[in-house]
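**Student:** Just a sequence and a predicted model for now, questions to come.
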Amino acid sequence: MRSIWNGAISFGLVSIPIKLVNATENHSLSFRQIHLADGGRIRYRKVCEIDEQEVTAADIGKAYEDADGSVIPITDEDLGSLPLPTAKTIEIVAFVPAASIDPLQMDAAYYLSANGVPAAKPYVLLREALKRSQKVAVAKYALRGRERLGMLRVVDDVIAMHGLLWPDEIRSPEGVAPEIEVTVRDAELDLADALMATLGEVDMDSLHDDYREAVEALIAAKAEGRTLEPAGADASGGGKVIDLIAALEKSVRAAKEARGEEPEAGQKTAEATVAEVTSLTGRKKSGGTGAKKKAAASTKKTAAKKPTPSRAPARKTAARSTAKSSAKTTTKKTTAKSDTSPATTPATKKAAPRKRASA
């Protein structure tokens, strides 16, 4: 691998000559800009705004533009003459636990290679010291015209360095968290833990860029004059989660099925649980109204079929001497209850006839 920087690791009074090698590579597909009318390439030319002449890379230098618009030229010699101890040195300043490094600070990754045979012994010494201490080294170094922060750790038998952002380059997450107060129940946390346990671990080597493969297939098809069928939209995303418990249970079941595992005995799926609750609720609602209607209809039929209880005998009261006819008393009816025997009708009191005194 081609080195991009040569220098040394400063480890106290020990100096380890090293080469810096990129540990990552970019597999993204790059596209060219073309003129849609004729397919011609669109190119950018670097032109001086004073004489409007195109310039080459050899004629281009650096400059700092001040706030008032004035330009201050800065040469590579100017930068190289700066009194920086890290200009060609990765200076280790501390050894700390790896957990103390915020992952938000991590930037580019590099491999550090021992530069020459004499560098092998101190290189291995630092590597084994990092392994045994189970710590990482925090270092400062200069690269591409600026001083940077780095973290050294062991990867297999190689010392790797991660470029770190300076602490003041990490933005505060203020205003990002939900502003409303949310309560998470223990049952929801238990299901989230179950889902995490079901998903388990993954072999990182098995993960790949599906989008890049799809773009490559599209390019190959167009080169052959074929047309690819558009992929269907994923129906699993974009919807609102109405029932978090149901969604978690369904996710656990789907993860187990994907792994070929059988659901645990007695474990209900989210869909079955929701359907069962809905069904019972529906029965309660419909059953309550329907039962009343059926009971009312049954009572009416029973009352119609049963013989009416005996009526109390109508009695005539004594007519007054001046009345031409006697009045009849109204007949009282008693209705029987459907489940009990007919209620006893209270005895009708006889009205004592009034006798008009003879004149």
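**Tutor:** That came through fine.

**Student:** make it CA atoms for all contacts and neighbour counts henceforth
**Tutor:** Will do.

**Student:** Residue 139: what secondary structure?
**Tutor:** Counting by DSSP: H, G, I helix; E, B strand; the rest coil, the backbone at residue 139 sits in strand.

**Student:** How about residue 246?
**Tutor:** When the structure is reduced to helix, strand and coil (three-state DSSP), residue 246 reads as helix.

**Student:** Could you measure from residue 116 over to residue 226?
**Tutor:** Going from residue 116 to residue 226 by Cα to Cα, to the nearest Å gives 54 Å.

**Student:** Kindly report the same for residue 244.
**Tutor:** The value you get for residue 244 to residue 226, if Cα to Cα is used, is 44 Å.

**Student:** Same check on residue 64?
**Tutor:** From residue 64 over to residue 226 the distance is 52 Å, taken as Cα to Cα.

**Student:** go on, residue 251?
**Tutor:** Distance check for residue 251 against residue 226: by Cα to Cα, it reads 38 Å.

**Student:** same deal with residue 45?
**Tutor:** Separation of residue 45 from residue 226 (Cα to Cα) stands at 36 Å.

**Student:** Residue 159 contacts residue 137, correct?
**Tutor:** No. Assessed by Cα atoms under 8 Å, residue 159 is found out of contact with residue 137, at 10.4 Å.

**Student:** Name the residues contacting each of those two.
**Tutor:** Here residue 159 and residue 137 have 152, 153 as joint contacts, going by Cα atoms under 8 Å, 6 or more residues apart in numbering.

**Student:** Mind giving me the packing neighbours of the host helix or strand of residue 153?
**Tutor:** Counting by DSSP states H and E, the element that carries residue 153 is strand 146-155. Secondary-structure packing of strand 146-155 (3 or more Cα pairs under 8 Å, 6 or more residues apart in numbering; DSSP states H and E): helix 120-133, strand 135-143, strand 158-164.

**Student:** any weak-confidence spans in this protein?
**Tutor:** Counting by pLDDT under 70, the ranges of the chain that qualify are 85-86, 231-242, 262-359.

**Student:** Now do the same for residue 118: helix, strand or coil?
**Tutor:** Of the three states, residue 118 takes helix under three-state DSSP.

**Student:** How many residues are close by residue 43?
**Tutor:** Neighbourhood size, residue 43 [other Cα atoms under 10 Å]: 9.

**Student:** Look up phi and psi at the closest residue to it other than its chain neighbours.
**Tutor:** Nearest residue to residue 43, sequence neighbours excluded (Cα to Cα, 6 or more residues apart in numbering): residue 33, at 7.8 Å. Torsion angles at residue 33 (phi, psi; degrees, to the nearest 10) stand at phi -90, psi 130.

**Student:** Quick check: which helices or strands does the helix or strand that contains residue 189 pack against?
**Tutor:** Counting by DSSP H and E, the secondary-structure element that holds residue 189 is helix 186-199. Using 3+ Cα pairs under 8 Å, 6+ apart as the contact criterion, the secondary-structure elements in contact with helix 186-199 are helix 244-258.

**Student:** ok and the helix it packs on relative to helix 186-199, angle-wise?
**Tutor:** Using axes from the mean of the first three to the mean of the last three Cα atoms, to 10 degrees, the direction of helix 244-258 lies 20 degrees away from that of helix 186-199.

**Student:** For helix 244-258, list every residue counted as buried.
**Tutor:** In terms of neighbour count (16 or more other Cα atoms under 10 Å), helix 244-258 has its buried residues at 245, 246, 247, 248, 249, 250, 251, 252, 253, 254, 255, 256.

**Student:** What segments of the protein are helices?
**Tutor:** Assigned helices in the chain, in chain order: 76-80, 120-133, 186-199, 210-223, 244-258, 270-305 (criterion: DSSP state H).

**Student:** show me what contacts residue 74?
**Tutor:** Each residue near residue 74 by Cα under 8 Å, 6+ apart is listed here: 61, 62, 63, 64.

**Student:** Report the contact partners of the residue nearest to the third one when sequence neighbours are not counted.
**Tutor:** Sequence neighbours aside, residue 73 is the residue nearest to residue 63 in space, at 4.0 Å (criterion: Cα to Cα, 6+ apart). Residues touching residue 73, when contacts are defined by Cα under 8 Å, 6+ apart, comprise 61, 62, 63, 64.

**Student:** Let's have the residues you listed in a markdown table, adding distance to residue 181.
**Tutor:** Compiled in a markdown table, those are given as follows (distance: Cα to Cα, whole Å):
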| residue | distance to residue 181 |
| --- | --- |
| 61 | 55 |
| 62 | 52 |
| 63 | 51 |
| 64 | 48 |
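
**Student:** Pull stretch 183-200 out as PDB, backbone CA atoms only.
**Tutor:** These are the backbone C-alpha positions of stretch 183-200, laid out as PDB (Å, rounded to 0.1, in the frame of the first residue of the first chain):
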ATOM      1  CA  THR A 183     -43.100   7.500  29.500                       C
ATOM      2  CA  VAL A 184     -41.800   4.100  28.500                       C
ATOM      3  CA  ARG A 185     -43.300   1.200  30.200                       C
ATOM      4  CA  ASP A 186     -41.400  -1.800  31.600                       C
ATOM      5  CA  ALA A 187     -43.300  -4.100  29.200                       C
ATOM      6  CA  GLU A 188     -42.100  -2.100  26.200                       C
ATOM      7  CA  LEU A 189     -38.500  -2.200  27.500                       C
ATOM      8  CA  ASP A 190     -38.800  -6.000  28.000                       C
ATOM      9  CA  LEU A 191     -40.000  -6.500  24.400                       C
ATOM     10  CA  ALA A 192     -37.200  -4.200  23.100                       C
ATOM     11  CA  ASP A 193     -34.700  -6.300  25.000                       C
ATOM     12  CA  ALA A 194     -36.200  -9.500  23.600                       C
ATOM     13  CA  LEU A 195     -35.900  -8.000  20.100                       C
ATOM     14  CA  MET A 196     -32.300  -7.100  20.600                       C
ATOM     15  CA  ALA A 197     -31.600 -10.600  21.900                       C
ATOM     16  CA  THR A 198     -33.400 -12.100  19.000                       C
ATOM     17  CA  LEU A 199     -31.500 -10.100  16.400                       C
ATOM     18  CA  GLY A 200     -28.300 -11.000  18.200                       C
END
